[in-house]
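# Give me a 3D structure for the following:
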Amino acid sequence: MDAIRLPGLVDVHVHLREPGYEHKETLPAGTAPHWPGLCDVGLFLGATRDTDPLITAAAAPYACGLKIYVSETFGSLRLEDLAQLMAFFRTWPGPGPIAVHAEGLLLATCLALAQLYGQHLHVCHVSRRSEIELIRRAKQHGAAVTCEVTPHHLWLCEDDLPRLGARGQMKPPLATAADRAALWANLDVIDCFATDHAPHTAAEKAAPQPPPGVPGLETMLPLLLTAVHEGRLTLDDLVARLHHNPARIFHLPAGGQQAQTWVEVDAAAVYDLPASGYQTLCDWSPFSGLTVHGAVRRVVLRNQVVFADGVVLAAPGAGRVLAAPVVE
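Numbering: from 1, shown residues only. Next up is the predicted model:
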């Protein structure tokens, strides 16, 4: 076995469906997959049309950031009023960033507002060439902007939709093969890998009007290790975007606890991602059948083994809620 020890890894964008949708995911099920192992979690505050920006600002010390939807999304979370959007940018005190679901011109609007109000902007699930090029230009001009990309936008594109059907529907939608290639070509601009884990049951995805979103917690690390095997990434690239950069961007705790948490992977393992048998309650994956290189063998959280050889050993409550970010 070619064992590799990685530091504690961070997925900065996950939807765990509690409260209200526990039939498709729960906190224990969502934090039990192969590499987190009932892990520590940080919570975002969400801006909505019915949210007072001042009340949201008062709760900032207990959150890792503020999430704002300005592009089309599922449900009623989208902010469409510019004055209200400006109010959130004006009043947010940090230290966590403002994380936005913004595409096209709306991304440009958010970049401008972040500059105007001196905010750190984090762009969720970049999926288009135009977006990554805009973020590159903003960084070159000194903007305080970071961004993430998902495995489904790195591995899949609209050409896969006939095969995937509704299981390939997500927000933002799968883009063209050229857009996908642009993401790989601009990896130096991308700060984090993130799943945007958004599980729905197989029955819901088979409905006449299926909700958008796909699961991804259990498949991200094998996919990225496969990219390392293929020479598309280095291990340093992987660790930077799943450990160092998330800690810096979201002000995560540092020090001794970080040294006591790690993931051990078998880089020589080769297998096909299964159709079922996942920890997540929805129990399916858009990557089923894909051959991957690298498997998680052991996860240690604060010097306690919480996952070993396919078995979750952590008891509920082993993970902690990161109630207040640490500002260095």
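# so the closest residue to Glu264 other than its chain neighbours bridges to which residues?
Spatial nearest neighbour of Glu264, excluding adjacent residues (C-beta to C-beta, 6 or more residues apart in numbering): Arg298 at 4.1 Å. Just so you know, the C-beta spots here come from the backbone N, C-alpha and C atoms, and that holds for glycine as well. On the basis of DSSP bridges, Arg298 is bridged to Glu264, Ala308.
# Report pLDDT for Arg298.
Note for Arg298: predicted pLDDT of 93.
# distance of it from Leu43?
27 Å (C-beta to C-beta, to the nearest Å).
# the more surrounded of the two?
Neighbour totals were compared for Arg298 and Leu43, and Arg298 leads with 18 against 15 (other C-beta atoms under 10 Å).
# how close does that one get to Val311?
Distance, Arg298 to Val311, by C-beta to C-beta: 10 Å.
# and Glu80, how far is that from Arg49?
On the measure of C-beta to C-beta, Glu80 and Arg49 end up 8 Å apart.
# Kindly report the same for Gln169.
Counting by C-beta to C-beta, the gap between Gln169 and Arg49 amounts to 24 Å.
# Comparing those two, which residue is more hemmed in?
Gln169 (18 against 11).
# Can you say which helix or strand has the nearest residue to the more buried one once chain neighbours are set aside in it?
Nearest residue to Gln169, sequence neighbours excluded (C-beta to C-beta, 6+ apart): Pro212, at 5.0 Å. Assessed by DSSP states H and E, Pro212 sits outside every helix and strand.
# which residues touch Pro212?
Listed by C-beta atoms under 8 Å, 6 or more residues apart in numbering, the contact set of Pro212 reads 74, 169-171, 173, 198.
# between the residues you listed, which is nearest Ser127?
Pro173 (7.8 Å; C-beta to C-beta).
# number of nearby residues for the closest one?
Neighbour count of Pro173, defined by other C-beta under 10 Å: 14.
# separation between it and Arg137?
Counting by C-beta to C-beta, the gap from Pro173 to Arg137 is 24 Å.
# and what of Ala314?
According to C-beta to C-beta, Ala314 stands 44 Å off from Arg137.
# Same drill for the two, tell me which one is more crowded.
Taking neighbours as other C-beta under 10 Å, Ala314 and Arg137 compare with Ala314 leading, 20 against 12.
# my guess is that one meets Gln304, correct?
Yes - look at Ala314 against Gln304 with C-beta atoms under 8 Å: they come within range, at 7.4 Å.
# Okay, helices next: where are they in the stretch 51-200 of the chain?
Remark: helices assigned in the stretch 51-200 of the chain by DSSP state H, counting those that start in this stretch are 53-58, 82-91, 105-117, 129-140, 151-155, 161-164, 177-185.
# okay, those, which one's buried deepest?
Each of the helices of the stretch 51-200 of the chain was scored by mean neighbour count; the highest is helix 151-155, a mean of 22, by mean count of other C-beta atoms under 10 Å.
# now it: mean pLDDT?
Averaging pLDDT along helix 151-155 yields 98.
# Show me what it is packed up against.
Packing contacts for helix 151-155, counted by 3 or more C-beta pairs under 8 Å, 6 or more residues apart in numbering; DSSP states H and E, involve helix 177-185, helix 220-229.
# nearest to Gln115, of the ones you listed?
With distances scored as C-beta to C-beta, the stretch of the helices and strands packed on helix 151-155 nearest to Gln115 is helix 177-185 (23.9 Å).
# That closest one vs helix 129-140, what angle?
Taking axes from the mean of the first three to the mean of the last three C-alpha atoms, to 10 degrees, one finds helix 177-185 and helix 129-140 inclined to each other by 30 degrees.
# Relative to the whole chain's centre, how far out is helix 177-185?
Centroid displacement of helix 177-185 relative to its chain, using C-alpha atoms, centre = their mean, to the nearest Å, is 19 Å.
# Tell me which residues are up against that helix.
Residues contacting helix 177-185 (C-beta under 8 Å, 6+ apart): 126-129, 132-133, 149, 153-159, 190, 232.
# is it fair to say Val292 lies in a helix?
No - counting by DSSP: H, G, I helix; E, B strand; the rest coil, Val292 is not part of a helix but strand.
# The closest residue to it other than its chain neighbours: neighbour count?
Excluding the flanking residues, the one nearest Val292 by C-beta to C-beta, 6+ apart is Pro222, at 4.1 Å. Close neighbours of Pro222, defined as other C-beta under 10 Å, add up to 24.
# ok, Pro222 to Cys64 distance?
For Pro222, the distance to Cys64 equals 26 Å [C-beta to C-beta].
# what do you get for Pro95?
Applying C-beta to C-beta to Pro95 and Cys64 gives a distance of 9 Å.
# Between these two, tell me which one has more neighbours.
Just comparing Pro95 and Cys64: by other C-beta under 10 Å the higher neighbour count belongs to Cys64, 25 against 17.
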